[in-house]
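Peer 1: Sequence and predicted structure are below.
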Amino acid sequence: MKTITQGLVATALTAITVTTALADGGVIRFGHDNQTNPFENPAHACTAVFANIVTADTNGNVTVEVFGSNQLGSASEHVQQLRDGVIQATLTSTGALASYYPRIDVLNLPFAFANNTATYEVFDGPFGKALAADIEETLDDVVVLGFPDTGGFFAVTNSQRPIADLADFDGIRIRTMTLPSHQTIVQALGAEAYPLSWGEVYSGLQTGVIDGQMNPIPIISFANFAEVQQYMTLIWIDRVIFVALMS
């Protein structure tokens, strides 16, 4: 997890071991719900590196077809498709995985990590290995390839006012994932929590269904939220990761 690229190299090498059944040729269908520009989107950059290394290390016998931008459904649907054998790999959020593995919400404890280095030590160490093993044991039909970086800590954007202290959150409706922890965090800040799927966030901000949202800065950037949001505040309250899964 030390960088997106390094994390995916390790993930891809693991995947090659996992997919020995494809040694004589095959296709790995990889679904995710992010935009498909690898130069702007960390999720698609992950899948692009994954695809290149799998193809190279199997001498072209195994190829990876990547379906981004919700082409095959939402992030939660991707997890189910993975379990059903419709796709063979996905890069999912903790919010989408929580429906199948509720204990993933432990990662969303506020202020659990002091900085990026601390998160690398946790997910690259014994805790990350134990978490992966528990996910695999609970779901029983997936392999955890790793916990790639999404781009850092949360920042909050909104269309109402600059946020300089807690009082400024009052009355602002902020989109969250369907995670109890995220909703509790937003409510504790004094704002209104509004769960909404990722594919609806931009239109929700544009139409005023929600006033704001929280995500790492790279995700805010590639999603073009600056087009519909006027203010951004760094809050360092939560560190977000992806979970790379394979059947």
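Peer 2: Cool, the structure landed.
Peer 1: For residue 79, give me its contacts.
Peer 2: 90, 92, 96-97, 99-100, 245 (CB atoms under 8 Å, 6 or more residues apart in numbering). (C-beta placed from N, C-alpha, C; glycine too.)
Peer 1: one more time with 7 Å, if that's ok
Peer 2: Taking CB atoms under 7 Å, 6 or more residues apart in numbering, we find residue 79 in contact with 90, 92, 96-97, 100.
Peer 1: Between those residues, which sits nearest residue 148?
Peer 2: Distance to residue 148 across the contacts of residue 79 (CB to CB) is lowest for residue 92, with 10.6 Å.
Peer 1: tally of neighbours for that closest one?
Peer 2: Using other CB atoms under 10 Å, residue 92 has 24 other residues around it.
Peer 1: what about it, is that helix, strand or coil?
Peer 2: What DSSP: H, G, I helix; E, B strand; the rest coil gives for residue 92 is strand.
Peer 1: picking that back up, any chance of TSV for the contacts of residue 79, columns distance to residue 188?
Peer 2: What follows is these, written out as TSV (distance: CB to CB, whole Å):
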residue	distance to residue 188
90	31
92	26
96	23
97	23
100	26
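Peer 1: In a markdown table: the residues you listed, plus distance to residue 199 and pLDDT.
Peer 2: As requested, the contacts of residue 79 are arranged in a markdown table below (distance: CB to CB, whole Å; pLDDT from 0 to 100):
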| residue | distance to residue 199 | pLDDT |
| --- | --- | --- |
| 90 | 15 | 96 |
| 92 | 14 | 93 |
| 96 | 11 | 92 |
| 97 | 17 | 96 |
| 100 | 19 | 96 |
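Peer 1: Selecting buried members of these in PyMOL, what would you type?
Peer 2: Remark: buried members of those, expressed as a PyMOL selection using 16 or more other CB atoms under 10 Å:
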select buried, resi 90+92+96+97+100
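Peer 1: which of the contacts of residue 79 sit farthest apart?
Peer 2: Once CB to CB is applied, the contacts of residue 79 give 90 and 100 as the farthest pair, at 11.5 Å.
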